[in-house]
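1. Sharing a model prediction with you, sequence too.
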Amino acid sequence: MSSNRDLRKCQVKALKAHYRACQAIYKIWANSNYAHGGPKTPPFPDICRGMKCGAKTRSGHPCKNDGTSYSNGRCKFHGGASTGPVTKEGKNKSAANGFKRKARMPPANKSHVVTDKTRDNKAHAMLKNVDFE
Ligand SMILES: [Zn+2]
């Protein structure tokens, strides 16, 4: 049982290292303005081939989904919630999210708002059209 767990640890470690290496290469590629041909990533680690998610499901059996979708070795159902922005740049972006739209919006158009004055004017106009006999 412990060898199984050790294998899993090795697989997750290799997967994380692989994804980290790929991410660094993709970053360089993005800085080169996405040069034609695409980046050359390192080969997928053999130890991670056929990896299963293995999370305990509600039925009690281990999850059989592909566990290579996320760097933590879990499937899309068991990868866990997002931990939010990690880098300083991302944190600043998310902090500005609530304020951005207000700044960009045009001044509010309040023609649809009915004030006492507009209501009175409308009432007078309607009364003018009515013929009292
Ligand atoms: Zn799963």
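-> Noted; the coordinates are in hand.
2. got the contact list for the residue nearest to residue 76 when sequence neighbours are not counted?
-> Of all residues not flanking residue 76 in the chain, residue 69 sits nearest, at 5.7 Å (C-beta to C-beta, 6 or more residues apart in numbering). All C-beta atoms are positioned from the backbone trio N, CA, C, and that covers glycine. Residues counted as contacts of residue 69 (C-beta atoms under 8 Å, 6 or more residues apart in numbering) are 75-76, 79.
3. Which one of those is nearest to residue 60?
-> Of all the contacts of residue 69, residue 60 sits closest to residue 75, with 16.9 Å by C-beta to C-beta.
4. Contacts only, for the closest residue to that closest one other than its chain neighbours.
-> In space, and not counting its chain neighbours, residue 75 is closest to residue 65: 3.5 Å by C-beta to C-beta, 6+ apart. By C-beta under 8 Å, 6+ apart, the contact set of residue 65 is 52-53, 75-78.
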